[in-house]
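>>> Could you look at this predicted model? Sequence included:
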Amino acid sequence: MTQILHITPHLGGGIGKALYGLVEQSIKCNSEFEHIIICLDKPEKRYFIDKINEYKNKVIECPTISQLKYLLKKSDIVQLEYINNPIIFKYLCRMDIPSIRLLTWSHNNGLFNPIIPMKLTLDSHKFIFTSPCSFKKQYKTETKWIYNNDGSTKWGEFEEGFLGWIFSSGGFKEFPEIERNYSKILVGYFGSTNFSKMHPNYTDFINEVDIPDFKVKIIGDLHNKEILEKQSNKFEFTGFVPDVIEELKSINVLAYILNPEHYGTTENALLEAMSMGIIPIVLENPAEDCIIGDFYSGIKIRNKKDFKNVIRFLYENPRVCKWLGTCASESVRNIFSIENTSLALNNSYEQLMKMEKRKIDFKSIFGDTPDQWFLSCQSNKKIFNNDGTIDLKNVNKYSKYMLFEETKGSVFHFSKYFPENERLKEWSKNLKLIQ
C-alpha cells in the first residue's frame, strides 16, 4: 500500500472536508493509497478530525519534530496542504527535512494577496492548484520559471505534468436535492463576511434592488454585522446555526458577491448551496468564473446595476429560475464530486511514485526567520519597511482588507505565533494604529 502523508495546519472548512472525502473514498474503493493526516495546530473545531478518525485514527495532532521526521521518512508521498498559515513555516523551516516526494496542493489562488512563492512551485515534485484560475492566469501551460546563474528567473520548458489543478471538493452526499418553489425570490449569503472575502461594498449591491419585500439572509457568520446593518435595513442575520442545511432550504438565490481580489479557489460554500438547487449570482472574479457557467449553472454580473436587473429578472421569471436551479445542482454534483477529486489525485500519486525522493530546503523557499516567512507570501513587500513602519500609499482598495485580517496569514497572525520576532511585532503595532 502506498502511504500519502498529508501535512495541514488545520482540518476546518474546505481542507477538512476535502481530506475527509479522500479518506472515505479511499476506504470505500479499497484504494492502494492510504491517507495519513498530520494536523499541525491545535484544532478549534474537531468535526472533520472526529469523522476521519472513525477510520482507524488517521489524524495525528500537533506532532513532535521527531514524530514528524519519522513519518516524513516513512511515507511514500508527502502532500502539503498549502496555505500561508504560520504554523506550516514553524515546522518546515525549523527542521531538517528528510528526502521526500512532495506534492503541494495550494488552497490559496495566489493571484493577489497572499501570493505563492515561486520557488515552492519549482521545488515541489508536483504543484497542484485548487482552481484553474491560478493555472490559467498566473502560469502558462507550456512553460515554467527556471533560475538563471545570477539567481533571477525566466520562462523555460518544463516536464509534462509539473503543474496542474484539481478542485478541492469533498462531495455533497449530505446536501439534499430539493424541489424548489420560485414563486418568491428568497435571497441569502452563505460564507465568510470578512471583507477580504465578502465584497467590501456588498450593501451597495443589495440597496440597488427594488423588488417588494426584498431581504438577504446572512447565514451563520456574524462578523461585520454592525457595519452591514448600518449600511442597509435589508439584512436578516441567523447567527450560528447548528444545521446549515435547514437554513439553505429557506433560500433559493445566493447573492455570492465577493471581493474582486479574494484568495479563494474551490469556494465550498458556493458549491454546497448550488448542490441544493440554489441559483448563484456572482461577480466575474477569477475563481467564480471557473465554477459558474453563465446563465446555465448561475449568473455572472459586473456591477450593482447588473445585480439589480438580475434580481428583477428572476423575480419575474420563476420558470427560468427552476431551470437554473436544476442546472446548478446537476453541474456541481457531476463536476465537483469527491470521485473526480480522488481520481485526479490518484493519477498524480501514480506519476509521483515514478520520481525519486529528494531533499527540499524550505528555508531556501521561504527564508530563515518568521518575518521573512511572512514577507515571502506578500504581493507588495514595500508595505512593510525594515524599520518596522508601514506604508499603505500604493495599496489597492480591495487588497487592503487582507492586511487587517486577524488570521489568513496576516502580519497579526504571524506575530501571534512568533511574538519574539521584533519586526513582526512592530509591523503589527503600526498597522493597528492605521486601522
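Everything's here; your move.

>>> Show me what secondary structure element comes after the lowest-mean-pLDDT helix or strand in the chain.
Lowest by mean pLDDT, DSSP states H and E among the helices and strands of the chain is strand 153-156, with a mean of 37. Next along the chain after strand 153-156, taking DSSP states H and E as the criterion, comes strand 163-165.

>>> Sheet partners, orientation included, of that following strand?
Take DSSP bridges as the rule and strand 163-165 pairs in its sheet with strand 126-129 (parallel).

>>> Just the C-alphas of the strand it pairs with, formatted as CSV.
Provided in CSV are the C-alpha atoms of strand 126-129 (Å, rounded to 0.1, in the frame of the first residue of the first chain):
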residue,chain,number,x,y,z
LYS,A,126,4.3,18.3,-8.5
PHE,A,127,2.4,21.5,-7.7
ILE,A,128,-1.4,21.4,-7.9
PHE,A,129,-3.7,24.4,-7.7
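
>>> Pull out the buried residues from it.
126-129 (16 or more other CB atoms under 10 Å). For the C-beta atoms, the positions are set from N, CA and C on the backbone; glycine is no exception.

>>> Run the chain-centre distance for it.
Between the centre of strand 126-129 and the centre of its host chain there is 14 Å, according to CA atoms, centre = their mean, to the nearest Å.

>>> contact partners of it?
Applying CB atoms under 8 Å, 6 or more residues apart in numbering, the external contacts of strand 126-129 come out as 102-106, 109-110, 120-121, 135, 161-166, 265, 345, 348, 351-352.

>>> before we move on, back to that, need the buried residues of strand 126-129 in JSON lines with pLDDT and distance to residue 12, can you?
Compiled in JSON lines, the buried residues of strand 126-129 are given as follows (pLDDT from 0 to 100; distance: CB to CB, whole Å):
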{"residue": "126", "pLDDT": "94", "distance to residue 12": "25"}
{"residue": "127", "pLDDT": "94", "distance to residue 12": "23"}
{"residue": "128", "pLDDT": "93", "distance to residue 12": "20"}
{"residue": "129", "pLDDT": "92", "distance to residue 12": "20"}
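
>>> mind putting the residues you listed in a markdown table, distance to residue 277 included?
Listed next are the buried residues of strand 126-129 as a markdown table, based on distance: CB to CB, whole Å:
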| residue | distance to residue 277 |
| --- | --- |
| 126 | 36 |
| 127 | 35 |
| 128 | 30 |
| 129 | 28 |
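
>>> start to end distance for stretch 201-219?
18 Å (CA to CA, to the nearest Å).

>>> Please point out which parts of it sit buried.
Buried-residue list, stretch 201-219, by 16+ other CB under 10 Å: 201-203, 205-207, 209, 215-219.

>>> and if you look at stretch 32-52?
Counting neighbours by 16+ other CB under 10 Å, stretch 32-52 gives 33-41, 43, 48-49, 51-52 as buried.

>>> just stretch 229-246 next, same as before
231, 234-235, 238, 244.

>>> coming back round to it: need the buried ones from the contacts of strand 126-129 selected in ChimeraX.
Per 16+ other CB under 10 Å, the buried members of the contacts of strand 126-129 correspond to this ChimeraX selection:
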select :102,103,104,105,106,109,110,120,121,135,163,164,165,166,265,345,348,351,352
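
>>> Out of the contacts of strand 126-129, list just those in helices.
Using DSSP state H, 120-121, 135, 345, 348, 351-352 are the members of the contacts of strand 126-129 that sit in helices.

>>> and of the residues you listed, the nearest to residue 252?
residue 135 (32.7 Å; CB to CB).

>>> still on that earlier bit, for the ones in helices among the contacts of strand 126-129, which one is nearest residue 78?
Closest to residue 78, out of all of those and judged by CB to CB, is residue 352, at 9.7 Å.

>>> That closest one and residue 98, how far apart?
Residue 352 sits 16 Å away from residue 98, taking CB to CB, to the nearest Å as the criterion.

>>> contacting residues around residue 255?
Applying CB under 8 Å, 6+ apart, the residues near residue 255 are 187-189, 205-206, 216, 281, 307.

>>> Is it part of a helix or strand, or is it coil?
The three-state assignment at residue 255 reads strand, by DSSP: H, G, I helix; E, B strand; the rest coil.

>>> Per-residue pLDDT of it, please?
Residue 255 carries a pLDDT value of 98.

>>> Repeat that for residue 233.
For residue 233, pLDDT reads 97.

>>> Three-state assignment for it, please.
Put simply, residue 233 is coil when judged by three-state DSSP.

>>> Residue 207 versus that one, what's the distance?
9 Å.

>>> nearest residue to residue 424 other than its sequence neighbours?
Once flanking residues are discounted, residue 424 sits nearest to residue 415: 4.2 Å by CB to CB, 6 or more residues apart in numbering.

>>> Would you mind measuring from that neighbour to residue 192?
For residue 415, the distance to residue 192 - CB to CB - is 22 Å.

>>> How many residues are close by the nearest residue to residue 335 once chain neighbours are set aside?
If you skip the residues right next to it in sequence, residue 335 has residue 167 as its closest partner in space, 7.8 Å away by CB to CB, 6+ apart. Using other CB atoms under 10 Å, residue 167 has 22 neighbouring residues.

>>> same deal with residue 57?
9.

>>> for residue 363, same thing?
There are 15 residues near residue 363, going by other CB under 10 Å.

>>> hang on, it packs against residue 97?
No - contact criterion CB atoms under 8 Å: residue 363 and residue 97 do not qualify, at 9.8 Å.

>>> quick one on the thing from earlier: out of the buried residues of stretch 32-52, flag the one nearest to residue 395.
Of the buried residues of stretch 32-52, the one sitting nearest to residue 395 (CB to CB) turns out to be residue 41, at 29.0 Å.
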